[in-house]
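> Here is my input; please provide its structure:
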Amino acid sequence: MRSPDAMSLPPAPPGRSSWPWSNQPPSFPASATDRHACLKISIVTPSYNQGQFLEETIRSVLLQGYPNVEYIIIDGGSSDNSAQIIRKYEHRLAYWTSEADKGQSDAIRKGFQRATGDILAWLNSDDYYQQDALARVARFFAGNPGIVFANGDVNVISSEGQLIKRIYAMRPSAFFAANYGRHGWPQQGCFWRKDTYDQVGGVDASLQFCMDKDLFIRLVNAGPSQRLPGPPLANYRVHKGAKSSTLGDIARGETMRIVNTYGQRKWVSRPRLGSALWWLYRKQAALRMHVER
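Numbers count the residues shown, from 1 in each chain. All right, here's what the predicted structure looks like:
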């Protein structure tokens, strides 16, 4: 799918003028080699009753300016205006549907079953990408053919889009996630190769909250991973309706399930040591934060 410019998309609502509403998409550099452009990136958006944010999410993908994007939206039968918004952009989508499903993980898994890209990611319907994010991802994976998983920095924003803080992503570590349930990979900034995704079995649809942590442990264990350098790739929105605000007990239960599945007793049984090692590991992110400031 060739990424459109803003003039070819439905007009932005009145008063919206910043990215991704009226801005022209960044141009994919003419000097880019064919090996960059031929990397197809598939983005899946699971959607359910987030109509107030969904259009911003969609436009942030369609206005990337990267010439080889496959965009799939799986809506769980929303009762708000989500389906109406999706229809405005359906001519630019590879696939979309709006029907009852078993939840977010089920929607993500369905989307990836249809994906044909070299690189995969999902973008929730209340988050959105920064400009030039996908071109940066393509260059990174093309320049690092051995890497199977990469994660970059992410901004945390309010429901109104105001910046709250920046999450400084760390190099992925399956060790901390598997043994202590801790990780430094904000999902909105994570990308991985499709062949590795298929190899490890994909998203576990039985998980409601920690499906990203579970998947990323398996991906990182399957091959080399690395932090993708540079400015934030995406914006992660926090609001009262977000899962992170409503499913705390489920998240804790699923984290324990993950630790029991992937952790090693010699590490799991030593939480104080884990906390000390985690503190040392986080120093890389803390140092980058101080340098940036």
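
> where exactly do the strands run in the stretch 101-250 of the chain?
According to DSSP state E, counting those that start in this stretch, the stretch 101-250 of the chain carries its strands in the segments 119-122, 128-129, 149-151, 154-157, 163-167, 190-193, 225-227, 234-237.

> Pull the contacting residues for the residue positioned nearest the centre of the chain.
Residue closest to the average C-alpha location in the chain (Cα atoms, centre = their mean): residue 188, at 2.9 Å. Counting by Cβ atoms under 8 Å, 6 or more residues apart in numbering, residue 188 makes contact with 123-124, 127, 154, 233-236. C-betas here are computed from N, CA, C, even on glycine.

> Please identify which pair of those lies farthest apart.
Pairwise distances across these peak at 13.8 Å for 124 and 233 (criterion: Cβ to Cβ).

> what are the ranges of the helices in the stretch 51-200 of the chain?
Ranges of helices in the stretch 51-200 of the chain, per DSSP state H, counting those that start in this stretch, are 51-62, 82-88, 104-114, 133-143, 174-180, 194-200.

> Can you add mean pLDDT, mean neighbour count and distance to residue 271 and give those back as CSV?
What follows is those, written out as CSV (pLDDT from 0 to 100; neighbours: other Cβ atoms under 10 Å; distance: least, Cβ to Cβ, whole Å):
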stretch, mean pLDDT, mean neighbour count, distance to residue 271
helix 51-62, 96, 24, 37
helix 82-88, 96, 18, 42
helix 104-114, 97, 21, 28
helix 133-143, 97, 22, 35
helix 174-180, 94, 22, 7
helix 194-200, 98, 16, 27
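
> returning to that earlier point: with distance to residue 8 and mean pLDDT added, can I get the strands of the stretch 101-250 of the chain in TSV?
Listed next are the strands of the stretch 101-250 of the chain as TSV, based on distance: least, Cβ to Cβ, whole Å; pLDDT from 0 to 100:
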stretch	distance to residue 8	mean pLDDT
strand 119-122	24	98
strand 128-129	18	98
strand 149-151	30	97
strand 154-157	27	97
strand 163-167	29	95
strand 190-193	26	98
strand 225-227	34	95
strand 234-237	23	97
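
> Redo these as a markdown table? Include mean neighbour count and distance to residue 285.
Formatted as a markdown table, those follow (neighbours: other Cβ atoms under 10 Å; distance: least, Cβ to Cβ, whole Å):
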| stretch | mean neighbour count | distance to residue 285 |
| --- | --- | --- |
| strand 119-122 | 26 | 21 |
| strand 128-129 | 26 | 21 |
| strand 149-151 | 27 | 12 |
| strand 154-157 | 20 | 12 |
| strand 163-167 | 15 | 8 |
| strand 190-193 | 24 | 15 |
| strand 225-227 | 19 | 9 |
| strand 234-237 | 24 | 16 |
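
> These: which one's closest to residue 56?
Here strand 128-129 is closest among the strands of the stretch 101-250 of the chain (Cβ to Cβ), at 5.1 Å.

> what distance separates the closest one from the centre of its chain?
Here strand 128-129 shows a centroid-to-chain-centroid distance of 9 Å under the convention Cα atoms, centre = their mean, to the nearest Å.

> so what secondary structure elements neighbour it?
helix 51-62, strand 234-237 (3 or more Cβ pairs under 8 Å, 6 or more residues apart in numbering; DSSP states H and E).

> Kindly reformat those as JSON lines containing distance to residue 205.
Below are the helices and strands packed on strand 128-129 laid out as JSON lines (distance: least, Cβ to Cβ, whole Å):
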{"stretch": "helix 51-62", "distance to residue 205": "22"}
{"stretch": "strand 234-237", "distance to residue 205": "22"}
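
> just so I know, which of the ones you listed lies nearest residue 249?
Taking the helices and strands packed on strand 128-129 one by one with Cβ to Cβ, strand 234-237 is closest: 21.3 Å.

> List the strands paired with the closest one, with their directions.
Sheet pairing for strand 234-237, assigned by DSSP bridges, gives strand 128-129 (antiparallel), strand 154-157 (parallel).

> mind checking which of these is nearest residue 80?
Using Cβ to Cβ, the nearest of those to residue 80 is strand 128-129, at 18.0 Å.
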